[in-house]
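In: coordinates for the following, if possible.
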Amino acid sequence: MLFAGLLACASVSAQTDDPVIMIVNGEPVLRSEFEYSYNKNNSEGVIDKKNIEEYVDLFINYKLKVCAALDAKYDTLQSFKDEFAQYRNQQVRPAFVTDADVEKEARKIYDQTVEQIGPDGLIQCAHILLRANQQAPQAEWDAAKVRIDSVYKALKDGADFAELAKKVSQDPGSARQGGLLPFVQHGQLVKEFEDAAYALQPGEMSGIVQSPYGYHIILMKERKMLEPFEFHHDAILKFIEQRNMRDQIAEQKIGELVKSTNRSEAELLDEKAAELSAQDMEMKYLIQEYHDGLLLYEISNNLVWDKAAKDDAGLANFFKKNKKKYAWDKPRYKGIAYHVKTKEDVKAVADCVKKLPFDKWAEALRTTFNADSVIRIRVEKGIFRQGDNALVDSAVFKKDTTVTKLKDYPFDAVYGKVLKKGPEDYTDVRGLVVADYQEALEKEWVAQLRKRYAVEVKEEVLKTVNKH
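Out: Next up is the predicted model:
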């Protein structure tokens with residue numbers, strides 16, 4: 001088994017600092033495992049908190065279901081193995097990465113950045129842009145040129161660059177900042193702008209520069225080389241974490257280990273998982289929680305959830321035995337409220353569905369009246385309470401309600417029956433019946449498990465939970 005050995009409790013009886021709190025089907029459960037589960041499921045923000053005594057039964061039921069899943073060999077299914085291994089490996093892979101590995105990656109990123117920036121360094125400019133679309137007629141470019149000429153003359157005559165940028169620049173992002181752009185390097189600007197900008201020294205202003213975006217006037221604010229590694233160290237580490245680059249580093253290291261040790265990736269991950277579980281109780285129980293949770297989901301789905309949802313005979317029988325539970329305090333209308341283009345279709349709709357089961361009505365109406373491009377009817381099907389539908393309220397419940405007419409569908413009608421005491425069969429309240437039937441199957445299953453597997457709770461140890 002993939003999980004074998006990973007969570008074995010060696011010398012359990014000798015672990016006086018972590019005593020056995022219960023024995024389930026012959027397997028000891030340590031107090032630390034119960035505490036992990038209890039504290040996680042009763043943390044701040046949990047609405048339905050349980051006290052320890054209440055949680056014991058839930059925990060035992062959980063353990064019993066896992067025992068049943070193991071006995072049924074759900075853990076041997078390839079789908080289970082694959083999903084569990086994927087999750088476990090996600091938790092384990094980061095452990096291959098050391099602080100030294102991250103520092104090495106940070107230095108590599110810095111060196112690559114320095115190389116990309118090149119000897120010309122970084123520049124920060126301000127600019128004023130008057131736009132002209134690249135495909136615009138020449139007249140638009142000529143008009144923009146006249147305007148930029150006047151702006152340039154004003155600057156030469158002493159106008160303040162930042163104030164003028166705020167007023168006339170058509171680059172809204174930088175205009176609000178007085179035309180100021182962020183620091184950039186070669187390759188981050190269009191060529192015409194970049195060539196003109198890099199030719200300037202701090203404080204110098206360009207002439208009028210034409211680019212595919214229109215006309216610019218550029219003011220060089222600052223030029224610099226990238227600061228030393230130490231200056232950017234923390235920012236690079238943050239960048240590594242934000243981009244989840246630890247995963248890439250881990251992948252690279254595991255690949256190197258596979259080559260150097262001649263072992264498979266699966267073997268390395270198994271070993272690391274066992275090592276982490278031995279060192280870190282939280283990691284141990286996190287992995288176990290996912291392992292057992294997958295088993296619980298699979299067996300519960302097969303024996304309870306999916307089974308109940310698909311067992312029409314069982315649902316019908318359960319509904320029959322518990323019909324009073326689903327009684328309504330007020331009548332409801334089981335049918336359709338519909339709107340048609342012609343008066344003849346009022347009767348045609350009723351004739352179409354009157355001999356069919358209720359769950360077949362929608363498809364019959366669609367194929368009969370709305371199968372082609374002409375939509376002949378608009379219909380709402382359901383079990384209506386008073387207030388759910390204005391047309392039903394008016395026509396069935398005889399309430400003084402305004403029914404909004406639909407454009408192009410002048411004729412309104414309803415078809416169905418009033419259910420005074422409650423639903424006719426379980427399909428009328430299927431969602432409620434399925435949920436209740438699932439709960440009943442769950443209780444029956446748990447009762448069987450309680451008889452099948454022995455459980456012994458160490459009451460004295462239970463009293464020490466979260467108190468040692």
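In: hey, C-alpha coordinates of stretch 187-198 in CSV?
Out: Output of stretch 187-198 as CSV, limited to C-alpha atoms (Å, rounded to 0.1, in the frame of the first residue of the first chain):
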residue,chain,number,x,y,z
GLY,A,187,13.4,46.6,-25.1
GLN,A,188,10.5,48.0,-23.0
LEU,A,189,9.7,51.0,-25.2
VAL,A,190,8.9,51.4,-28.9
LYS,A,191,12.1,51.9,-30.8
GLU,A,192,11.6,55.5,-31.8
PHE,A,193,10.9,56.5,-28.2
GLU,A,194,13.8,54.4,-26.8
ASP,A,195,16.4,55.7,-29.3
ALA,A,196,15.5,59.3,-28.5
ALA,A,197,15.3,58.7,-24.7
TYR,A,198,18.6,56.9,-24.4
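In: starting at the chain centroid, how far to that stretch?
Out: 41 Å (C-alpha atoms, centre = their mean, to the nearest Å).
In: stretch 211-226 now?
Out: Its chain's C-alpha centre and that of stretch 211-226 lie 42 Å apart, by C-alpha atoms, centre = their mean.
In: what residues of it count as buried?
Out: For stretch 211-226, a neighbour-count test (16 or more other C-beta atoms under 10 Å) marks 211, 213-221, 223, 226 as buried. Where C-beta positions appear, they are placed from N, C-alpha and C, glycine not excepted.
In: do the same with stretch 394-411
Out: Counting neighbours by 16+ other C-beta under 10 Å, one finds that the buried residues in stretch 394-411 are 394-397, 409, 411.
In: who's in contact with it?
Out: 331, 333, 337, 339-343, 345-346, 377-378, 384, 386, 390-391, 393, 412-414, 418 (C-beta atoms under 8 Å, 6 or more residues apart in numbering).
In: repeat that with 10 Å
Out: Residues outside stretch 394-411 that contact it (C-beta atoms under 10 Å, 6 or more residues apart in numbering) are 330-333, 335, 337-346, 349, 375-378, 384-393, 412-418.
In: now intersect those residues with the helices, please.
Out: Within those, residues falling in helices by DSSP state H are 344-346, 349, 390-393.
In: out of those residues, which is nearest to N317?
Out: For the ones in helices among the contacts of stretch 394-411, the residue nearest N317 by C-beta to C-beta is V392; the value is 31.2 Å.
In: what's the closest non-adjacent residue to that closest one?
Out: Closest residue in space to V392, ignoring its immediate chain neighbours: F384 at 4.6 Å, by C-beta to C-beta, 6 or more residues apart in numbering.
In: how about G382?
Out: Nearest one to G382, counting by C-beta to C-beta, 6+ apart, is D388 at 7.2 Å.
In: domain ranges for the chain, per the record?
Out: 122-224, 328-421 (automatic domain parsing).
In: and of those domains, who's closest to R88?
Out: Taking the domains of the chain one by one with C-beta to C-beta, domain 122-224 is closest: 42.3 Å.
In: returning to that earlier point: can you tell me which of the buried residues of stretch 211-226 is nearest L164?
Out: Closest approach to L164 among the buried residues of stretch 211-226 (C-beta to C-beta): I217, at 9.0 Å.
In: that older thread, which stretch among the domains of the chain comes nearest K65?
Out: It's domain 328-421; of the domains of the chain, that one is closest to K65 (C-beta to C-beta) at 33.6 Å.
In: just the terminal-to-terminal distance for that closest one.
Out: Length of domain 328-421, first residue to last, C-alpha to C-alpha, to the nearest Å: 6 Å.
In: centroid-nearest residue for this protein?
Out: For the chain, the residue sitting closest to the mean C-alpha position, by C-alpha atoms, centre = their mean, is Y87 at 16.1 Å.
In: that one sits in which helix or strand?
Out: Here Y87, judged by DSSP states H and E, is contained in helix 78-92.
In: contacts for the following helix or strand past that helix, please.
Out: Next helix or strand after helix 78-92 toward the C-terminus (DSSP H and E): helix 99-117. With contact meaning C-beta under 10 Å, 6+ apart, helix 99-117 is reached by 97-98, 121, 183-187, 224-237, 239-241, 245-246, 248-250, 252-253.
In: I'd guessed the residue nearest to V392 sits against A337; true?
Out: Yes - between F384 and A337 there is a contact under C-beta atoms under 10 Å: 7.4 Å.
In: got a quick ChimeraX command for the buried subset of the contacts of stretch 394-411?
Out: In ChimeraX syntax, the buried subset of those is picked out as below (16+ other C-beta under 10 Å):
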select :332,333,335,337,338,339,340,341,345,346,349,376,377,378,384,385,389,391,392,393,412,413,414,415,416
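In: mind listing which of the contacts of stretch 394-411 are in strands?
Out: 332-333, 335, 337-340, 377-378, 384, 412-418 (DSSP state E).
In: farthest from the middle of the chain: give me that residue.
Out: The centre of the chain is farthest from one residue, D157, which by C-alpha atoms, centre = their mean lies 58.4 Å away.
In: and it, backbone torsions?
Out: phi -80, psi 0 (degrees, to the nearest 10).
In: cool, L406 as well?
Out: The phi/psi pair for L406 (degrees, to the nearest 10) reads phi -90, psi 140.
In: so in terms of bridging, what pairs with it?
Out: On the basis of DSSP bridges, L406 is bridged to Y409.
In: report pLDDT for it.
Out: If you check L406, the pLDDT there is 94.
In: how far away is it from A266?
Out: Distance check for L406 against A266: by C-beta to C-beta, to the nearest Å, it reads 63 Å.
In: just to revisit the earlier point, wait, the residue nearest to G382 touches G335, no?
Out: No - between D388 and G335 there is no contact under C-beta under 10 Å: 11.8 Å.
In: could you tell me which residues touch both of these two?
Out: Common contacts of D388 and G335 (C-beta under 10 Å, 6+ apart): 380, 382.
In: what residues are up against F183?
Out: Applying C-beta under 10 Å, 6+ apart, the residues contacting F183 are 117, 121-125, 221-224, 226.
In: after the helix or strand where G431 lies, next one along is what?
Out: In the assignment (DSSP H and E), G431 maps to helix 430-452. Once the chain leaves helix 430-452, the next helix or strand it forms, by DSSP H and E, is strand 455-457.
In: got the contact list for stretch 79-90?
Out: 1-3, 6, 69, 73-75, 77, 92, 247, 250, 254, 265-266, 269-270, 272-273, 276-277, 286-288, 290-295, 297-298.
In: so which of the residues you listed are in strands?
Out: Filtering the contacts of stretch 79-90 for strands - DSSP E - leaves nothing at all.
In: those residues, buried ones only, as a PyMOL selection?
Out: Remark: buried members of those, expressed as a PyMOL selection using 16+ other C-beta under 10 Å:
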select buried, resi 2+3+6+69+74+75+92+250+254+269+270+272+273+276+277+286+287+288+290+291+292+294+295+297+298
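In: filter the contacts of stretch 79-90 down to the ones in helices?
Out: Using DSSP H, the members of those that fall in helices are 69, 92, 247, 250, 254, 265-266, 269-270, 272-273, 276-277, 286-288, 290-295, 297-298.
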